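K.L.:
need a structure here:
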Amino acid sequence: MRDVRRRTWLLVAGGTALALAVGGTGIAVSRSGERDARAAANQEQLARGCKGLFPGELRSFVPDDSAGVLTEYGTMLAPRQQSRALLDCTLSWGGGADRVEPDAQVRVRAEAVLGRTDAPDGGFGLPLPSSALGGGGAEDRRDGSEVSATILAECPKGLSGRVRPSEDLRVFVALPSRADSEYDVSEADRLLAERTAVRVADRVSREQGCGARPLTGAAKPKGSDSLCDWLSPEALEFARGDWKFYGNDTTYSERAGSCGGRWDGAGGRAAWPKTAAAGVDSWSGVLAPSAYDDFAGDGDVPGSDRRRHKPDGEGRLTVKKSGDDPLLALWARSVCDGGPAFHRATVMPALDFADQDELLLEKKDRRRMSADARALLDRYLAADDGWARRAHCRDTKIMGEVEEWQG
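P.N.:
Below you'll find the model as predicted:
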């Protein structure tokens with residue numbers, strides 16, 4: 001009787017264990033199936049979201065343990081909307097309710113520029129036609145980094161769906177990167193962001209029928225490498241010695257130009273009041289009013305009453321050692337290929353405070369700065385390979401000087 005009970009108990013226990021094992025396997029299979037289904041749905045979301053403009057190269061960021069969150073709007077998605085945005089799409093993954101930001105996200109925005117916009121910051125590795133201007137950058141995120149690209153492109157036939165017409169298209173793209181910091185972002189990641197921005201711009205332009213030339217496969221404008229050859233400190237009789245040239249254009253764009261240089265201290269001291277830093281920047285079209293307003297906000301435009309330096313009875317101005325360097329800006333305006341334009345030529349003299357807390361700018365020193373600024377601007381405007389001639393600038397008018405420092 002005892003043996004029968006033992007066999008019965010063993011059969012019951014074995015059956016229970018088998019049931020638990022089968023149930024556990026079923027749960028595991030079910031969870032695996034759920035993860036596979038979620039991963040597939042997320043991959044489909046990446047492929048189809050934002051009219052299929054998200055880059056497929058981001059597949060490795062797609063998780064299988066949480067659903068992606070997609071937000072998108074714009075007149076290309078909902079034609080009856082009255083919005084500057086033609087497309088505005090964000091796809092993010094992970095993060096949870098307690099996280100400040102998602103684990104990874106991709107953003108795409110294409111908008112019509114109404115009147116003004118800032119110039120794209122940073123460099124752009126892909127060649128663009130002269131009618132476009134690109135920029136890019138990177139920034140740290142809580143997990144990894146983010147790489148971005150911006151393009152400002154023309155739409156000569158206009159963009160539809162807005163209250164006011166626009167002939168300028170701005171595209172912004174931001175993609176996740178596995179780089180530990182913004183300084184470690186790879187060239188491949190930067191190029192992916194740029195290619196995506198180009199693809200978005202071409203797609204929007206094509207669907208809008210705005211008459212823009214395709215950006216894909218564009219060639220670098222000829223003669224771009226000589227855009228700043230006109231800036232010769234020797235010819236301009238600036239400080240003698242070696243100069244370093246910074247932020248100079250290497251690709252021509254009819255929208256903006258920039259050339260500049262600074263004496264690096266090699267070859268001895270620069271005799272006061274020789275110019276030791278100089279540069280010219282130009283902005284046209286929708287970039288011009290935005291650039292002007294940026295300087296106007298600090299009172300650094302001709303005619304502003306926010307910065308007034310009062311010379312003494314002998315026409316001298318005080319420059320404090322702890323203040324800003326005495327940079328003189330000469331402004332002019334023109335009409336160029338890209339539209340109305342502003343030019344800003346700047347010169348800064350070499351200063352040697354030694355043990356002094358302040359220096360006096362004599363009246364003759366200020367006249368020398370003015371003469372150097374005018375010579376710099378004239379040489380820039382007359383240079384055959386410079387931006388102003390390339391952009392066919394004409395009807396140039398001098399607007400005035402600004403002494404950009406606090407006395």
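
K.L.:
I'd like to know how many residues surround residue 371.
P.N.:
Other residues near residue 371 number 13, with proximity taken as other C-beta atoms under 10 Å. Glycine gets a C-beta too; all of them are placed from N, C-alpha and C.

K.L.:
Please, which helix or strand holds it?
P.N.:
With elements taken from DSSP states H and E, the one containing residue 371 is helix 363-382.

K.L.:
and what of residue 67?
P.N.:
Secondary-structure element containing residue 67, defined by DSSP H and E: none, the residue being outside all helices and strands.

K.L.:
re earlier: how about exporting the helix holding residue 371 as PDB, limited to the C-alpha atoms?
P.N.:
Extracted as PDB, the C-alpha positions of helix 363-382 are listed here (Å, rounded to 0.1, in the frame of the first residue of the first chain):
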ATOM      1  CA  LYS A 363      42.800 110.700 -32.800                       C
ATOM      2  CA  LYS A 364      45.400 109.800 -35.400                       C
ATOM      3  CA  ASP A 365      45.100 106.100 -34.300                       C
ATOM      4  CA  ARG A 366      41.400 106.200 -34.800                       C
ATOM      5  CA  ARG A 367      41.900 107.700 -38.300                       C
ATOM      6  CA  ARG A 368      44.400 105.000 -39.100                       C
ATOM      7  CA  MET A 369      41.800 102.300 -38.100                       C
ATOM      8  CA  SER A 370      39.200 103.900 -40.300                       C
ATOM      9  CA  ALA A 371      41.600 104.000 -43.200                       C
ATOM     10  CA  ASP A 372      42.500 100.400 -42.700                       C
ATOM     11  CA  ALA A 373      38.900  99.300 -42.600                       C
ATOM     12  CA  ARG A 374      38.100 101.200 -45.800                       C
ATOM     13  CA  ALA A 375      41.100  99.800 -47.600                       C
ATOM     14  CA  LEU A 376      40.100  96.300 -46.500                       C
ATOM     15  CA  LEU A 377      36.500  96.700 -47.800                       C
ATOM     16  CA  ASP A 378      37.600  98.300 -51.100                       C
ATOM     17  CA  ARG A 379      40.100  95.500 -51.700                       C
ATOM     18  CA  TYR A 380      37.400  92.900 -50.900                       C
ATOM     19  CA  LEU A 381      34.800  94.500 -53.200                       C
ATOM     20  CA  ALA A 382      37.300  94.800 -56.100                       C
END
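
K.L.:
what mean pLDDT would you report for that helix?
P.N.:
With pLDDT averaged residue by residue, helix 363-382 scores 94.

K.L.:
Beyond that helix, next helix or strand please.
P.N.:
Next helix or strand after helix 363-382 toward the C-terminus (DSSP H and E): helix 387-390.

K.L.:
Buried residues, the helix or strand following that next one. List them.
P.N.:
Stepping forward along the backbone from helix 387-390, the first helix or strand reached (DSSP H and E) is strand 394-404. Residues of strand 394-404 classed as buried: 396, 399, 401-404 (neighbour count, 16 or more other C-beta atoms under 10 Å).

K.L.:
what's the angle between strand 394-404 and helix 363-382?
P.N.:
Orientation of strand 394-404 against helix 363-382 (axes from the mean of the first three to the mean of the last three C-alpha atoms, to 10 degrees) gives an angle of 150 degrees.

K.L.:
Mean confidence (pLDDT) on strand 394-404, please.
P.N.:
Here strand 394-404 scores 94 as its mean pLDDT.

K.L.:
That strand: partners in the sheet, and parallel or antiparallel?
P.N.:
Sheet pairing for strand 394-404, assigned by DSSP bridges, gives strand 327-336 (antiparallel).

K.L.:
ok, back up a step: which helices and strands does the helix holding residue 371 pack with?
P.N.:
Helix 363-382 sits against strand 275-284, strand 327-336, strand 339-349, helix 387-390, strand 394-404, with contacts defined as 3 or more C-beta pairs under 8 Å, 6 or more residues apart in numbering; DSSP states H and E.
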